[in-house]
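> requesting a structural model of the entry that follows:
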Amino acid sequence: MTDNDAQHRTGIALVVAAAAAWSTAPFFTRLLHFDSWTILFWRGLFGGGAIALFLLATQGWRGARNLVVMPMSGWLVAGLSTLGMVTFIPALQLTSVANVAIIVAMQPFAAAAIAWLWLGERARPGTLLASLVALAGVAVTVSGAGDITDYRGIGLACIMALAIALMTVTIRRHKGTPMVAAAALSNVLGSVVSLPFAQGIGAVTGADLGVLAMFGACQVGLGLTLLTIGSRFLPSGQASLIATLETPLMPFWVWLAFAEVPSLRAFIGGALVMGAVVADIVASQRT
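Got it, this is the predicted structure:
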């Protein structure tokens, strides 16, 4: 086996592990019986700290400088990421994990639409077709919503997906943005924003802090670290394709741990969305 083959396999393993780490967010959210703001406060502290340590370990003083001296594009990325975080956790608490996962999978198509409107990037016909299929999948999923709480969760998930899509296009527009530093900043901003509204900070026990530390350090910090390293060994299209494993894994963990079974409509809608995402990424690699 050549060095290139070994690096390629290492890259695949790291990105798969990153997708698995990110997909644990619903699992940790179900474990923690606190209001969203309390979870966001502690998760942001632990996640931001873990990312900052990774940045200092890999980039040294340059990484420390990026944490302190952030360009305006970095603040915009961090702000959008924060918006995504503060809508993601309550969405998971208000509706099923399957509903949130399906809407998360729509994010690449939302990014393509924003890039077309903002940057003038023309989408491939295949992407447009895949977007329509994915939109149909979301429509099938939403049609199975049970009550107003479900709709509120779905609405928050849509805001989260749009925020992350806009963040993705901003990074593409400002390629010099220190992304890892912006990710650390966004976690800290999430904690600052959450603090005035958090009702359960004083009720957190030592065991709860352990879970929250794992939530922030493993789901956020480890996920980003693994993706950052693994992406260096893979074409971007392949890395994106592997990262979509996050979507089916999100409901899998809560089904395994809490017996939360997705509805039939969620299965059908999820199959349409995931099929569209995978087909579009595979087609883009061939062109």
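> what are the buried residues along stretch 170-188?
Residues of stretch 170-188 classed as buried by neighbour count (16 or more other C-beta atoms under 10 Å): 170-171, 177-188. For the C-beta atoms, the positions are set from N, CA and C on the backbone; glycine is no exception.
> which residue ranges form the helices in this structure?
3-22, 25-31, 36-68, 72-94, 97-104, 107-119, 125-142, 148-173, 179-194, 206-214, 223-230, 236-243, 246-258, 264-286 (DSSP state H).
> for the last one, packing partners?
The one in question is helix 264-286. helix 97-104, helix 107-119, helix 125-142, helix 236-243, helix 246-258 (3 or more C-beta pairs under 8 Å, 6 or more residues apart in numbering; DSSP states H and E).
> same check on the longest one?
Using 3+ C-beta pairs under 8 Å, 6+ apart, the elements in contact with helix 36-68 are helix 72-94, helix 179-194, helix 206-214, helix 223-230.
> correct me, but I154 touches S96?
No: in this structure I154 lies outside contact range of S96 using C-beta atoms under 8 Å: 9.4 Å.
> more neighbours, the two?
S96 (24 against 21; other C-beta atoms under 10 Å).
> so where is the stretch 101-250 of the chain shaky, pLDDT-wise?
Counting by pLDDT under 70, the ranges of the stretch 101-250 of the chain that qualify are 235-238.
> buried deepest among the helices of the chain, which one?
When you average the neighbours per residue for each of these (mean count of other C-beta atoms under 10 Å), helix 97-104 leads with a mean of 28.
> contact partners for the nearest residue to A110 once chain neighbours are set aside?
Of all residues not flanking A110 in the chain, A165 sits nearest, at 3.7 Å (C-beta to C-beta, 6 or more residues apart in numbering). Taking C-beta atoms under 8 Å, 6 or more residues apart in numbering, we find A165 in contact with 107-108, 110-111, 113-114.
> ok, 7 Å please
Neighbour list for A165: 107, 110-111, 114 [criterion: C-beta atoms under 7 Å, 6 or more residues apart in numbering].
> nearest to A139, of the residues you listed?
A110 (14.9 Å; C-beta to C-beta).
> lovely, talk soon.
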